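Student: Let me see the structure of the following:
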Amino acid sequence: MMRTWQYRKINGYSIFMIMITIFIFFNSAANDALAETKGWAAKVGKEVITIDDLNRFYYAQNKITMDVEKNEDVDRLAGDPAYSDSHPFLNKEYFLDILINGKLAYNAAQEDKKIDRDELNTIIELSRYQVVMQYFFMQKLRNTIVVTDKEIDEFYKTHEESLKNYPADEGKDLCRKYIRDTKLKEAIQKYIDNLRMKTSIDKDGFREYLSSQKK
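Tutor: Residues are numbered from 1 along each chain as shown. So this is what the prediction gives:
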């Protein structure tokens, strides 16, 4: 079974990639204009994060990371102290600080002359593909994944020793998430395989490149 810290590490990576994308598409000029007519949450130098920006990013982020479909579901989880205490991104003020920190870091990277500009732009482009792919598959396949109580109980019994430090409910919830993630990965791979079967893909150019490198 995947250890809890490994699960959190992967989840943290997903959060990191989403946060990168937030700032790729963060149009500061548009934000300044909006701030004239709409409430603002924070001002970062000359740039503005509006209340609408905050809510838009907050719900988009948490619907993916909390694996729920509606804004109301996020609000429900945020209102549950037992759950929100272990999921700090549900705290809107904390989330705002993450936005501010991310914006500062993004601007610093753009302004730092020592940063390789081509490599930075490559990272930005790569992150777009990765995050959009993650979002698309979550939306497309979320409701096709079913985890039964029987599967959870059997998995819990098999790994009960490694979960002994967790309350039973929390341990079973970890099992559910792990089983669901495993099924989702399998569904994603199947979906990608089907896409590849339907699309003409020619990799001869790459093979020629490899051959030329061996000469």
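Student: Name the surrounding residues that touch the helix or strand hosting Val74.
Tutor: If you go by DSSP states H and E, Val74 is part of helix 71-78. Residues outside helix 71-78 that contact it (CB atoms under 8 Å, 6 or more residues apart in numbering): Tyr58, Tyr59, Asn62, Lys63, Met66, Val68, Tyr83, Ser84, His87, Leu90, Asn91, Lys92. C-betas here are computed from N, CA, C, even on glycine.
Student: domains of the protein?
Tutor: 1-138, 145-215 (automatic domain parsing).
Student: for the record, mean pLDDT for the shortest one?
Tutor: The average pLDDT for domain 145-215 rounds to 94.
Student: quick check, distance from it to the centre of its chain.
Tutor: 16 Å (CA atoms, centre = their mean, to the nearest Å).
Student: All the helices of the chain, in order from the start?
Tutor: For the chain, the helices defined by DSSP state H cover 4-24, 28-35, 51-65, 71-78, 81-84, 92-111, 117-141, 149-158, 168-198, 204-214.
Student: Which of these sits closest to Ala41?
Tutor: Among those, the nearest to Ala41 by CB to CB is helix 51-65 (4.5 Å).
Student: How about the closest one, which residues are buried there?
Tutor: For helix 51-65, a neighbour-count test (16 or more other CB atoms under 10 Å) marks Asp53, Leu54, Phe57, Tyr58, Tyr59, Ala60, Gln61, Asn62, Lys63, Ile64, Thr65 as buried.
Student: from memory the fourth one sits against Phe95, does it?
Tutor: Looking back up the chat, that one is Tyr58. Yes: counting by CB atoms under 8 Å, Tyr58 touches Phe95, with 5.3 Å between them.
Student: so the nearest residue to Lys43 once chain neighbours are set aside bridges to which residues?
Tutor: Once flanking residues are discounted, Lys43 sits nearest to Ile49: 7.7 Å by CB to CB, 6 or more residues apart in numbering. On the basis of DSSP bridges, Ile49 takes part in beta bridges with Ala42.
Student: what's the pLDDT at Ile49?
Tutor: 90.
Student: swap in Gly102?
Tutor: 86.
Student: Could you shift the numbering so residue one becomes 153, and keep it that way?
Tutor: I'll keep to 153 as the first residue from here, and by that count the last item is Gly254.
Student: and it, how many neighbours?
Tutor: Residue neighbour count, defined by other CB atoms under 10 Å, stands at 18 for Gly254.
Student: Just the C-alphas of the helix holding Val226, formatted as PDB.
Tutor: The C-alpha trace of helix 223-230 is given here as PDB (Å, rounded to 0.1, in the frame of the first residue of the first chain):
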ATOM      1  CA  ASN A 223     -18.500  25.100  -4.800                       C
ATOM      2  CA  GLU A 224     -21.000  24.100  -2.100                       C
ATOM      3  CA  ASP A 225     -19.100  20.900  -1.500                       C
ATOM      4  CA  VAL A 226     -15.900  22.900  -0.900                       C
ATOM      5  CA  ASP A 227     -17.800  25.200   1.500                       C
ATOM      6  CA  ARG A 228     -19.100  22.100   3.400                       C
ATOM      7  CA  LEU A 229     -15.600  20.700   3.800                       C
ATOM      8  CA  ALA A 230     -14.200  24.000   4.800                       C
END
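Student: Buried residues, it. List them.
Tutor: Within helix 223-230, the residues that qualify as buried are Val226, Ala230, counting by 16+ other CB under 10 Å.
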